[in-house]
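Asks: please work out how this folds:
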Amino acid sequence: MKRVVALLMLVSFVATVSAQIVKMSEEPTDQQFRKAVKTLMYKTNGHDLTPKRLEAMERVQSVLNRFEREEWHAYRKESDAEALAEMEKRGVPYYLRQSFEKVCKEVRTTKVKEGTVAVWLLYNMGYIVKTPTTTFAIDLYSKYTERLLDMIDFGMVTHAHSDHNNSAFTKGLESRNKLVLAAFDIKNVEEMRVEDGGEYTFGDVKVRVTLGDHNKKALKTVASFEIDCGANTNHTVIYHTGDTYNYRQLNPEKDVDIFIPHIRVGLNIPEAIEKFHPHHLFMSHLQELGHRVHKWRWTFHDALRLKEKWNHDHMWIPCWGERIIYNRNDWK
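Replies: Purely as a prediction, here's the structure:
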């Protein structure tokens, strides 16, 4: 009898896994994909992983997994308006364009209430944050970055790698006489070169910098930004660590509301959580299209597996174009 039960359990398990594999391998129709994109951006959120959210993530991931690095570079380089419009009718370019248009509109029109911050993920580890008085961005990249720059008061770049450091962002802010904080010299940009332990003030916003290692050879090359968003946000603190991989170097001085790390660079996330107890963690550096599909392009599946392993109540898997209105009092 035990053997029969065990066999039935095994058959059930294999059937479930097989169904998942079939589901993952099926490419959604254009209509299904567009619906999934809208579900991620408008109808669900990265904190509450409802069946509706998970299904949308699965469908979007299926399309992302078919978008090769060469297609990404071709899209990035395309400058002909007609050819670009054709690309953006479907697939990943459609999602990139739709998420950009949503972020651009919302950054311009969102009225941030006292005590809150609005946070958008644009792409990879590129975030825009808007307080009642100030708007800033970190590691921002989009094909249409320049359309955002008039709305941004200052910028930050964690390190020099091209999936974080984009010349349209840095030079665009420079041309508007807006400062960029960076841990390296940006060619033809008069940025504010940060120092380890340096503190910088932009209106109500205060930024403290810690320099850390990207890996065992690239030492002190990545800036972690501890950002106190100001009294009118109840001093909400965002801690963006870029590609820092050594958790021992993470050293926030204040109570961290939102921790934004690269989840697969080698950073020991559980130890980081234990060290400074962030209230929320935004799982980031997902879907970096400049990497090959099966090499360093971390997926929603990677994030979901890690989320199951790590012990934290509030892990978000934000998606491109998603807006998060954060009020720290709601989570006390």
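
Asks: pull the CA atoms of stretch 240-249 into PDB?
Replies: Extracted in PDB, the C-alpha atoms of stretch 240-249 (Å, rounded to 0.1, in the frame of the first residue of the first chain):
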ATOM      1  CA  HIS A 240      20.400  51.100  -3.100                       C
ATOM      2  CA  THR A 241      23.600  49.000  -3.200                       C
ATOM      3  CA  GLY A 242      24.100  48.500  -6.900                       C
ATOM      4  CA  ASP A 243      26.300  45.500  -7.600                       C
ATOM      5  CA  THR A 244      28.000  45.400  -4.100                       C
ATOM      6  CA  TYR A 245      28.700  41.800  -3.300                       C
ATOM      7  CA  ASN A 246      30.200  41.900   0.200                       C
ATOM      8  CA  TYR A 247      27.500  42.200   2.800                       C
ATOM      9  CA  ARG A 248      30.000  43.200   5.500                       C
ATOM     10  CA  GLN A 249      30.600  46.500   3.700                       C
END
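
Asks: hmm, Thr236 and Arg328 touching each other?
Replies: Yes: the criterion here is CB atoms under 8 Å, and Arg328 meets it with Thr236 at 5.3 Å. All C-beta spots, glycine's among them, are computed from the backbone N, C-alpha and C.

Asks: which residues does Lys307 contact?
Replies: By CB atoms under 8 Å, 6 or more residues apart in numbering, Lys307 lies in contact with Met283, Met315, Ile317.

Asks: helix or strand next in line after the worst-scoring helix or strand of the chain on mean pLDDT, which one?
Replies: Using mean pLDDT, DSSP states H and E, the weakest-scoring helix or strand in the chain turns out to be helix 2-25, at a mean of 41. Later in the chain than helix 2-25, the nearest helix or strand by DSSP states H and E is helix 30-38.

Asks: what comes up buried for that following helix?
Replies: Gln32, Phe33, Arg34, Lys35, Ala36, Val37 (16 or more other CB atoms under 10 Å).

Asks: does the second one touch Gln61 like I think?
Replies: Read that as Phe33. No: using CB under 8 Å as the test, Phe33 is too far from Gln61 to be in contact (10.8 Å).

Asks: thinking again about what came up before, now, of the contacts of Lys307, which are buried?
Replies: With burial judged by 16+ other CB under 10 Å, the buried subset of these is Met283, Met315, Ile317.
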